[in-house]
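> Dropping a prediction and its sequence here:
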Number of protein chains: 2
Amino acid sequence: MLDTLEKTNTKTVAAAELQSTGTSFLDELFDKGLLIATGVDGLYGRSGLFEEIGEGFQALVSRYGKADEPEVVRFPPAMNRTVFEKSGYMKSFPQLAGTVHCFCGDAANHISLLQTIEQNGDWTAGQVASEIVLTPAACYPLYPAAANRGPLPAEGRLFDLMSYCFRHEPSRDPARQQLFRMREFVRMGTPDQVTEFRATWLERGQKLIGELCMPFKLDVANDPFFGRTGKMLAVNQRDQRLKFELLIPIESEENPTACLSFNYHQDHFGKTFGLTTDTGAVAHTACVGFGHERVILALLKHHGTDVKRWPASVRKALWG
Amino acid sequence: MLDTLEKTNTKTVAAAELQSTGTSFLDELFDKGLLIATGVDGLYGRSGLFEEIGEGFQALVSRYGKADEPEVVRFPPAMNRTVFEKSGYMKSFPQLAGTVHCFCGDAANHISLLQTIEQNGDWTAGQVASEIVLTPAACYPLYPAAANRGPLPAEGRLFDLMSYCFRHEPSRDPARQQLFRMREFVRMGTPDQVTEFRATWLERGQKLIGELCMPFKLDVANDPFFGRTGKMLAVNQRDQRLKFELLIPIESEENPTACLSFNYHQDHFGKTFGLTTDTGAVAHTACVGFGHERVILALLKHHGTDVKRWPASVRKALWG
């Protein structure tokens, strides 16, 4: 009850601050030095304070997940292009992907490249695709690595992941960045094992965000599938309730931002990467994802940019 | 003295283990689950234990740098392409850079793209360069951001950075990864301020690695400049003693690996990005860089993969 009151008060103060300066939330974050402009929308530096809030949040997530003893694995922010091609990502989300290209030329090519740069020409046309693409979601590199170990044990597996992810969608909404971090727990096993995992986290996620004294709603959702065929995929995903999101207002009250997502992939990744259970059946998978920057931004929006004035209970949840 | 003895013993055991299995250090790391193969040389997942060693190392670095009160800033693993072009990186190291390319087509282009993937054709040719390139060294995105703040204060500035960096040099040497993390302290100010900073860290760096009980040597070094002109740049860099490296044997005794580097950029970045001191002079810059994965790998190589058997003093330095 006290928490709720505190939350409401703090929120009003923060909202008033924004209105009085007449700037957007992104400008406010730049002004306070919490984010640092790079000249590209959706690509920002983070201050030490921004990172400390994030560390507090990650420690909280770890506490909620600890009893399940997940196996910690961390992948770099890019992945094998062959695996990426196999995943079907270019079928569903071609507009969001980022491939990494390199210079493979000789000294003569180099001279011509430098001349093109000097003349402000398009020097990138000569770049050749490397064997690497940027990671679109923290769990993508995991599936083939897990399949490499052979069939799952009877109890299935549970992984704890986090990495920078890339999505090409330049925006002035600070909650829609091109490079952002995603924490994920990924469960692999029988349909029962993975749907139970997702149900558990649907409860835990709400409790966790409740501890941070932020308003939220839970809703059925769909991924941003590309094109007309994509619309059908989205409808199908919603009808089957394969994706839920926990939404918190950040940039707008009417269109709150998905900060956590709870996904049941059925046998999609199991089939694609040959992941099987101990009985030889195709494994099912599910994951819960935490938008690292989004939760930090939601905290700054709802409790204000002066962290010392945040509700005591929120500070305790983050930093003990 | 005791430390030295412990170090020597542990090292002998680790070396013997590697010899008895007849595998490379990379295979050993895969077998023990410390690194996870992705099918691309130089692109690996990391286990929870690998990351814990890294966290211990980073905390140690922070302790050594704390008294200077650096400003903590964290950039994502990619940067603004325009800034990158301006930096001159493509002039010196074109072979290492990674540009990020995206799909900008319509529904018809998408259908043709999917057909190309299905036929194992080169679908990447249609990808268009985005406004983003992968970060080649943690400090590159910092210079324009610092210059944006106006002239430096009289005491200059000091930053604490860390990010994933990309260098396109596929290799089976685990100490030469395509995506790896670099921690950096960057000093900006007068020539005296920045050369004093570098001299301090040349001392601190040796003390720090000494605490981790690893053999090392300090040497004048050069960056891997491209082509024939690059050879001259390298000679010049060495003659002026602009780059020192702290080297630890990892993959080979004869060719030890640079784990820390100490760089004096003179006015290169100041001139390029319009960074000035309080008197209006072009600012000089220097940095000390820590190869995150390289130090972890050096620890695993010299003290063995069984962390519980590491010398007590090393465990204390890392984890208190």
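That came through fine. These numbers come from a predicted model, not from an experiment.

> tell me which parts of the stretch 201-320 of chain A are close to chain B?
Applying C-beta under 8 Å from any C-beta of the partner chain, we find that the stretch 201-320 of chain A lies next to chain B at A:F226, A:G227, A:R228. Every residue, glycine included, has its C-beta placed from N, CA and C.

> Dump these into CSV; add pLDDT, secondary structure and neighbour count as well.
As requested, those are arranged in CSV below (pLDDT from 0 to 100; DSSP: H, G, I helix; E, B strand; the rest coil; neighbours: other C-beta atoms under 10 Å in any protein chain shown):
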residue, pLDDT, secondary structure, neighbour count
A:F226, 93, coil, 19
A:G227, 89, helix, 16
A:R228, 87, helix, 8
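
> Can you name the residues that contact A:T276?
A:P151, A:L152, A:G270, A:V282, A:A283 (C-beta atoms under 8 Å, 6 or more residues apart in numbering or on different chains).

> Any idea what it is bridged to?
On the basis of DSSP bridges, A:T276 is bridged to A:V282.

> what's the first-to-last distance across stretch A:44-51?
End-to-end span of stretch A:44-51 (C-alpha to C-alpha, to the nearest Å): 13 Å.

> touching chain B at all, it?
Yes. For stretch A:44-51 and chain B, the contact criterion (C-beta under 8 Å from any C-beta) is met by A:Y44, A:G45, A:R46, A:S47, A:G48, A:F50, A:E51.

> Over to stretch A:31-39?
Yes. Stretch A:31-39 reaches chain B (C-beta under 8 Å from any C-beta) through A:I36, A:A37, A:T38, A:G39.

> Now the spatially most central residue of chain A: phi and psi?
Taking C-alpha atoms, centre = their mean, the centroid of chain A lies closest to A:M182, which sits 3.4 Å from it. A:M182 adopts backbone torsions of phi -130, psi 120, taken as degrees, to the nearest 10.

> so how many other residues sit close to the nearest residue to it once chain neighbours are set aside?
Of all residues not flanking A:M182 in the chain, A:A138 sits nearest, at 4.4 Å (C-beta to C-beta, 6 or more residues apart in numbering or on different chains). Using other C-beta atoms under 10 Å in any protein chain shown, the number of residues around A:A138 comes to 28.

> what do you get for the one 10 residues further on?
With neighbours defined by other C-beta under 10 Å, the count for A:N148 comes to 14.

> same deal with A:H110?
19.

> and it, what does it touch?
A:F103, B:P94, B:F226, B:G227.

> mind putting those residues in JSON lines, distance to B:W123 included?
Putting the contacts of A:H110 into JSON lines (distance: C-beta to C-beta, whole Å) gives the following:
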{"residue": "A:F103", "distance to B:W123": "20"}
{"residue": "B:P94", "distance to B:W123": "24"}
{"residue": "B:F226", "distance to B:W123": "29"}
{"residue": "B:G227", "distance to B:W123": "31"}
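
> now, which of the contacts of A:T276 sits nearest A:N120?
Set against A:N120, the nearest of the contacts of A:T276 by C-beta to C-beta is A:G270 (49.0 Å).

> count of neighbours near the closest one?
24.

> mind checking which helix or strand it is in?
Taking DSSP states H and E as the definition, one finds A:G270 inside helix A:268-273.

> now do A:R238
Per DSSP H and E: helix A:227-239 holds A:R238.

> Show me what that helix is packed against.
helix B:107-118 (3 or more C-beta pairs under 8 Å, 6 or more residues apart in numbering or on different chains; DSSP states H and E).

> coming back round to it: out of the residues of stretch A:44-51 next to chain B, name the ones that lie in helices.
A:G48, A:F50, A:E51 (DSSP state H).

> Tell me the bridge partners for the closest residue to chain B within the stretch 151-300 of chain A.
Ranked by C-beta to the nearest C-beta, the top residue of the stretch 151-300 of chain A for proximity to chain B is A:L179, at 3.7 Å. A:L179 has these beta-bridge partners by DSSP bridges: A:F166.

> Contact partners for it?
By C-beta under 8 Å, 6+ apart, the contact list for A:L179 reads A:G42, A:L43, A:P77, A:Y164, A:C165, A:F166, B:P76, B:P77, B:A78, B:I132.

> Now the nearest residue to A:G274 once chain neighbours are set aside, what are its backbone angles?
Nearest non-adjacent residue to A:G274, counting by C-beta to C-beta, 6+ apart: A:A147, 5.1 Å away. Dihedral pair for A:A147: phi -60, psi -30, per degrees, to the nearest 10.

> How about A:E131?
phi -80, psi 10.

> Tell me where the stretch 1-150 of chain A is predicted with low confidence.
Scanning the stretch 1-150 of chain A for pLDDT under 70 picks out A:1-22.

> What are the boundaries of the strands in it?
Counting by DSSP state E, counting those that start in this stretch, the stretch 1-150 of chain A has strands at residues A:35-37, A:44-47, A:71-74, A:78-80, A:99-102, A:128-134.

> Turn the ones you listed into a markdown table, columns for mean neighbour count.
A markdown table is the format used below for those (neighbours: other C-beta atoms under 10 Å in any protein chain shown):
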| stretch | mean neighbour count |
| --- | --- |
| strand A:35-37 | 21 |
| strand A:44-47 | 22 |
| strand A:71-74 | 18 |
| strand A:78-80 | 27 |
| strand A:99-102 | 25 |
| strand A:128-134 | 22 |
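
> could these go into TSV alongside distance to A:T116?
Shown next, in TSV, are the strands of the stretch 1-150 of chain A (distance: least, C-beta to C-beta, whole Å):
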stretch	distance to A:T116
strand A:35-37	27
strand A:44-47	29
strand A:71-74	38
strand A:78-80	26
strand A:99-102	15
strand A:128-134	15
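
> Ok, which of these comes nearest B:G289?
strand A:44-47 (17.7 Å).

> Tell me which other helices or strands that closest one touches.
strand A:35-37, strand B:71-74.

> Which one, of those strands, ends up nearest to A:V295?
The nearest among the helices and strands packed on strand A:44-47, by C-beta to C-beta, is strand A:35-37 at 14.7 Å.

> How about A:A107, nearest residue that isn't a chain neighbour?
In space, A:A107 is closest to B:G227, 4.8 Å off (C-beta to C-beta, 6+ apart).

> That neighbour contacts A:A108, correct?
No. Counting by C-beta atoms under 8 Å, B:G227 does not reach A:A108; the two are 9.9 Å apart.

> end to end, how far does stretch A:215-223 reach?
23 Å.

> Which members of the contacts of A:H110 are the farthest-apart pair?
A:F103 and B:G227 (11.5 Å).

> who does the helix or strand just after the helix holding A:R238 pair up with?
The helix or strand immediately downstream of helix A:227-239 is strand A:243-248, counting by DSSP H and E. If you go by DSSP bridges, strand A:243-248 pairs up with strand A:217-220 (antiparallel), strand A:257-266 (antiparallel).

> Out of those strands, indicate the one that is most buried.
Ranked by mean neighbour count under mean count of other C-beta atoms under 10 Å in any protein chain shown, these are led by strand A:257-266, which reaches a mean of 22.

> Quick one: residues in contact with that one.
A:175, A:191, A:194-195, A:198, A:201-202, A:205, A:209, A:216, A:221, A:242-251, A:284-291, A:294-295, A:297-298.

> thought A:G65 was touching A:E184?
No. Shown here, A:G65 and A:E184 do not form a contact pair, counting by C-beta under 8 Å, at 10.4 Å.

> List the residues that are in contact with both of these two.
With C-beta under 8 Å, 6+ apart as the test, A:G65 and A:E184 both reach A:D160.

> Number of residues surrounding A:V235?
Neighbours of A:V235 using other C-beta under 10 Å come to 12.

> May I see the buried residues of stretch A:52-62?
A:I53, A:G54, A:G56, A:F57, A:Q58, A:L60, A:V61 (16 or more other C-beta atoms under 10 Å in any protein chain shown).

> whoops, stretch A:172-181 was the one
A:D173, A:P174, A:A175, A:R176, A:Q177, A:Q178, A:L179, A:F180, A:R181.

> What of stretch A:307-318?
A:V307, A:W310, A:P311, A:V314, A:A317, A:L318.

> Just the CA trace of that stretch, in CSV.
Only the C-alpha atoms of stretch A:307-318 are listed here, as CSV (Å, rounded to 0.1, in the frame of the first residue of the first chain):
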residue,chain,number,x,y,z
VAL,A,307,17.9,7.7,-8.0
LYS,A,308,18.5,8.8,-4.4
ARG,A,309,14.8,9.8,-4.3
TRP,A,310,13.5,6.4,-5.5
PRO,A,311,11.2,4.6,-3.1
ALA,A,312,13.2,2.8,-0.4
SER,A,313,11.6,-0.6,-1.4
VAL,A,314,12.7,-0.2,-5.0
ARG,A,315,16.3,0.7,-4.0
LYS,A,316,16.3,-2.3,-1.7
ALA,A,317,15.0,-4.7,-4.4
LEU,A,318,17.8,-3.5,-6.7
